[in-house]
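In: okay, sequence plus prediction incoming.
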Amino acid sequence: MAHLSEGLGHSDRHAGLRGYTTGLMSPLQRKSVEPMAAHMDPLNVRSRHQSLHHFVADANWSDERMLLGICQWVVPLMDFSDGGWWIIDDTGFPKQGRHSVGVARQYCGMLGKQDNCQVAVSVSLACAAASIPVAWQLYLPQEWADDEARREKAGVPEAIEFATKPQIALQQIEHLMTQGAPRHCVLADAGYGVDTAFRERLDELGLRYVVGVTGSVTVWPPGHEPLPPKPYSGRGRVPRRLRRGDATAPEHRPRTVKDVAFDIEPDDWQEVTWREGTNSALRSHFVRVRVRAAHRDEQRSELREPQWLLIEWPEGHEEPLKYWLSTLPEDTSLERMVYEAKMRWRIERDYQDLKQDLGLGQYEGRGWRGFHHHASLSIAAYGFLLAQRLQHPDEVGGKKNSARQEPALPTHYQPRGSPEGAAPRPILHHELAIAYRRTAGS
């Protein structure tokens, strides 16, 4: 609490931080302001309700600074010796009515259908053993972005304009990069991976990725490529753009990744186990092919760089289950590629714990500031519990009366693939993850 309080500004907000996070970690079925106030101070519910509501909905403290403080606490305990990942995803919160900021009829993953909900986009920093959200922003639908009256009533900042979810995710990633964040591999599902501009921007940022795509995405598999530009006629501009063939030249037409999967010989599929599940090892059949993305080639003058198409086809299924495009190095093993593609499951676990145990989706206010404040405080509670687990992996819960020695926080690691004898790199070499050091009197 002392560490996180440093980013709140006024000291009178410290009690609000302690009270609100205590409420989020209390054994309550509903973790909105009123039941938390009644649980913490049953004799003064009204005054406690007012103070908690003011802290989360009105007080002018930075939720971004709060997330930074959480990272300063948690990231030093994370082990990046086996790699790190930026995991992009979004999550929905079903809502009634239309007055809460960002509520619109849109796809809600929690319900698995279109319905009234809010949706937030996040980026999590992950290692093999843990992950923590480091960026969080509400998706503002077009109908909200264009409605000045609703924006003003909900307190939407003037700088916030309409942006698609992939665009929001890129803004978050770019902000992390400007802070000097490490260029870990980016993971995302097909909602982001099908966006060619999203993948191209990751390339421009120098970030490798493993992103899901749908079976309808088109690529140039081996033996297929666009036609070169038309021969110069001697008049006008010199043709420079690639061309696609017609039905009589199928080798010059791209193919869907689903069609590519069906063309692969049965003997080429390999069974891969990527981790141990709750009851048994998780395994499936995979294959990969070097391809080039095929989006608007007629507007390009040169071929895109080759990348991996990874395909999963579980035994007993009539067709492939999942597809990924990846810019991992060409010498990456199939087992490692599957392992990295499947690492995205961590963010699903984060959302599950945040919603079920820490009240992430139970905020009942309507404003922009309160929505983001509440989320950052839920993530603060999650970060504390995650740090406890990382420090004491063999304990289930804490032993109140046991002697506990604070472990030294790791500061360096040896990156995978680094030359023999290379100096270890600092785990935390940017503002996001400045190691929090305990000092006397802190």
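Out: That came through fine.

In: from the centroid of this protein, which residue is nearest?
Out: Centrality entry for the chain: nearest residue to the mean C-alpha point is I88, 2.3 Å, by C-alpha atoms, centre = their mean.

In: confirm that that residue sits in a helix.
Out: No: secondary structure of I88, determined by DSSP: H, G, I helix; E, B strand; the rest coil: strand, with no helix assignment.

In: I figured it hits V186, correct?
Out: Yes: if you go by C-beta atoms under 8 Å, I88 and V186 touch, sitting 6.5 Å apart. All C-beta spots, glycine's among them, are computed from the backbone N, C-alpha and C.

In: which neighbours do those two share?
Out: Between them, I88 and V186 have I173 as joint contacts when contacts are counted by C-beta atoms under 8 Å, 6 or more residues apart in numbering.

In: so what sits opposite the residue nearest to the centre of the chain in the bridge?
Out: Per DSSP bridges, the residues bridged to I88 are V123.

In: do R105 as well
Out: Per DSSP bridges, the residues bridged to R105 are N116.

In: test my guess that it contacts K113.
Out: No: look at R105 against K113 with C-beta under 8 Å: they stay out of range, at 10.4 Å.

In: between the two ends of stretch 154-167, how far is it?
Out: Taking C-alpha to C-alpha, to the nearest Å as the measure, stretch 154-167 stretches 22 Å from start to finish.

In: quick one: average pLDDT of it?
Out: Across stretch 154-167, pLDDT averages out at 96.

In: quick one: distance of the longest helix that the chain contains to the chain centre.
Out: Across the chain, the helix with the greatest residue count (assigned by DSSP state H) is helix 368-391. Relative to its parent chain, helix 368-391 has a centroid offset of 15 Å by C-alpha atoms, centre = their mean, to the nearest Å.

In: how about stretch 44-51?
Out: On the basis of C-alpha atoms, centre = their mean, stretch 44-51 is displaced by 36 Å from the centre of the chain it belongs to.

In: again, but for stretch 286-303
Out: With C-alpha atoms, centre = their mean as the basis, the mean position of stretch 286-303 lies at 25 Å from the chain mean.

In: returning to that earlier point: mind checking pLDDT for the residue nearest to the centre of the chain?
Out: Per-residue confidence at I88 stands at 98 (pLDDT).

In: what sits against it?
Out: Applying C-beta under 8 Å, 6+ apart, we find I88 in contact with 121-123, 169, 172-173, 186-188, 192.

In: same thing with S284?
Out: Taking C-beta under 8 Å, 6+ apart as the definition, contacts of S284 comprise 271-272, 312-315, 321.

In: can I get the residues you listed in TSV including pLDDT?
Out: Written out in TSV, the entries for those read as follows (pLDDT from 0 to 100):
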residue	pLDDT
E271	96
V272	96
E312	98
W313	96
P314	95
E315	92
L321	96
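
In: from those, which is closest to L207?
Out: The closest of these to L207 turns out to be E312 (C-beta to C-beta; 23.1 Å).

In: what bridges to the closest one?
Out: Beta-bridge partners for E312, by DSSP bridges, are F286, K322.

In: what strand or helix carries L282?
Out: Element membership for L282, per DSSP states H and E: strand 281-293.

In: ok, and for that strand, which residues are buried?
Out: Neighbour-count burial for strand 281-293 flags 284-289, 291-293 (criterion: 16 or more other C-beta atoms under 10 Å).

In: can you show me the CA trace of it as CSV?
Out: Provided in CSV are the C-alpha atoms of strand 281-293 (Å, rounded to 0.1, in the frame of the first residue of the first chain):
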residue,chain,number,x,y,z
ALA,A,281,-0.9,-33.2,-20.9
LEU,A,282,-2.3,-30.8,-23.6
ARG,A,283,-1.4,-32.1,-27.0
SER,A,284,-2.7,-31.9,-30.6
HIS,A,285,-1.6,-32.2,-34.2
PHE,A,286,0.2,-29.3,-35.9
VAL,A,287,1.9,-28.5,-39.1
ARG,A,288,3.6,-25.3,-40.4
VAL,A,289,4.3,-23.8,-43.8
ARG,A,290,6.4,-20.9,-45.0
VAL,A,291,4.0,-18.4,-46.7
ARG,A,292,3.7,-14.8,-47.7
ALA,A,293,0.7,-12.7,-46.6
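
In: which stretches of the stretch 51-200 of the chain form strands?
Out: Shown for the stretch 51-200 of the chain, the strands assigned by DSSP state E, counting those that start in this stretch span residues 85-94, 104-108, 113-126, 131-138, 185-188.

In: ok, the stretch 301-442 of the chain next?
Out: Secondary structure of the stretch 301-442 of the chain, counting by DSSP E, counting those that start in this stretch: strands at 307-312, 322-326, 412-413, 425-426.

In: just put these in JSON lines and tack on distance to P266 and mean neighbour count.
Out: As requested, those are exported to JSON lines (distance: least, C-beta to C-beta, whole Å; neighbours: other C-beta atoms under 10 Å):
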{"stretch": "strand 307-312", "distance to P266": "13", "mean neighbour count": "22"}
{"stretch": "strand 322-326", "distance to P266": "18", "mean neighbour count": "24"}
{"stretch": "strand 412-413", "distance to P266": "41", "mean neighbour count": "16"}
{"stretch": "strand 425-426", "distance to P266": "43", "mean neighbour count": "14"}
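
In: now tabulate those in TSV and tack on distance to E152.
Out: Formatted as TSV, the entries for those read as follows, by distance: least, C-beta to C-beta, whole Å:
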stretch	distance to E152
strand 307-312	45
strand 322-326	41
strand 412-413	48
strand 425-426	45
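
In: neighbours of S376, how many?
Out: The tally of other residues near S376 (other C-beta atoms under 10 Å) stands at 24.

In: can you offset everything so residue one is 51?
Out: Understood, numbering begins at 51; the last thing we discussed is S426.

In: ok, A204 touching G420?
Out: No: A204 sits out of contact with G420 when judged by C-beta under 8 Å, with a separation of 9.5 Å.

In: now do the longest helix of the chain, average pLDDT.
Out: According to the model, helix 418-441 has a mean pLDDT of 95.
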